[in-house]
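3D model of this:
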Amino acid sequence: MLSSSKIGAVFALSGFLSGILIVPLALLWMPFVFTSEGVLFALGFGVAYLSCRRILPRIGPLRFWGALLALAIGYPVAIGFGGALSLASEFMLQGAMKMTPALQDAGPLMILAFMLLWGSLAAALFIQMALVLITAEWDNRILLWLAIAAVGTAVLSTVIYSFFYNSADPTITHYREFALFGVLAPVGNAALNAVCAQAILRAHRAELALAAARQF
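Predicted coordinates:
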């Protein structure tokens, strides 16, 4: 029987591999990243769950597919939410940007950072909502872990992207978006999928403990 850590590793690996698929899609057409990342994340989660289904609690097909659908649509909605709030954040900082040339030069990078920040928080919320369909409970601790994983990945991706963004080499700057999503999707999918595994395991342990308590 797989341990909790090994189940988490299966989910993380499946998420990482699903995120890797973003790179060839981005090479074909960059908007594919925004339209397909949610589907790929749901695919990674679904493959991991089915791989461990003999150990994890069984759920009905309606709940399973409902959760996958929520994960698939959650990412584009989260990105849209993050984009809207990034524009609002830019509007609030317009005065400071006009007074500070350095901020004005870094304006596009700041907008991206805000979009990833707000979008990652929204994505964590959507994933928690999808997990409710599977675990039948809302877990604030899991939501916190999801938020930490999502924001941490967004920060890491932005920092790496900034080196490509500020590069003087035109070839590097031309492919800088691939560096961004090449980190954001695989690392983010892996981290968030690992948290999802822990959410399912926590709910399963609580269910087993409740069943044992009812026997006495």
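
which SSE is the closest residue to Leu17 other than its chain neighbours in?
Nearest residue to Leu17 in three dimensions, chain neighbours excluded: Gly44, at 6.7 Å (CB to CB, 6 or more residues apart in numbering). For the C-beta atoms, the positions are set from N, CA and C on the backbone; glycine is no exception. Element membership for Gly44, per DSSP states H and E: helix 31-51.

ok, now Phe64?
helix 61-92.

between that helix and helix 31-51, how big is the angle?
Helix 61-92 runs at 140 degrees relative to helix 31-51, counting by axes from the mean of the first three to the mean of the last three CA atoms, to 10 degrees.

pLDDT weak spots in this structure?
Scanning the chain for pLDDT under 70 picks out the ranges 1-2, 86-108, 207-216.

swap in 80 and give it another go.
Counting by pLDDT under 80, the chain has low-confidence residues at 1-4, 26-35, 57-58, 79-114, 165-178, 204-216.

which residues in it form helices?
Under the criterion DSSP state H, the chain carries helices at the ranges 4-20, 22-28, 31-51, 61-92, 94-99, 101-105, 107-135, 140-165, 170-174, 176-214.

with mean neighbour count added, can I get these in TSV?
Listed next are the helices of the chain as TSV, based on neighbours: other CB atoms under 10 Å:
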stretch	mean neighbour count
helix 4-20	20
helix 22-28	15
helix 31-51	20
helix 61-92	17
helix 94-99	11
helix 101-105	11
helix 107-135	21
helix 140-165	18
helix 170-174	10
helix 176-214	19
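
hmm, back to that, can I get the helix holding Gly44 as CSV, trimmed to CA atoms?
The C-alpha coordinates for helix 31-51 follow below in CSV (Å, rounded to 0.1, in the frame of the first residue of the first chain):
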residue,chain,number,x,y,z
PRO,A,31,-3.4,31.9,-26.1
PHE,A,32,-3.5,28.1,-25.8
VAL,A,33,-1.8,28.6,-22.4
PHE,A,34,-4.9,30.4,-21.0
THR,A,35,-7.5,28.1,-22.6
SER,A,36,-5.8,24.7,-22.0
GLU,A,37,-4.0,25.0,-18.7
GLY,A,38,-7.2,24.3,-16.7
VAL,A,39,-7.9,21.2,-18.8
LEU,A,40,-4.3,20.0,-18.4
PHE,A,41,-4.5,20.5,-14.6
ALA,A,42,-7.7,18.6,-14.5
LEU,A,43,-6.1,15.8,-16.6
GLY,A,44,-3.1,15.6,-14.2
PHE,A,45,-5.4,15.4,-11.2
GLY,A,46,-7.7,12.8,-12.8
VAL,A,47,-4.8,10.5,-13.9
ALA,A,48,-3.3,10.7,-10.4
TYR,A,49,-6.6,9.9,-8.7
LEU,A,50,-7.3,7.0,-11.0
SER,A,51,-3.8,5.7,-10.4
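
fine, thanks again, bye for now.
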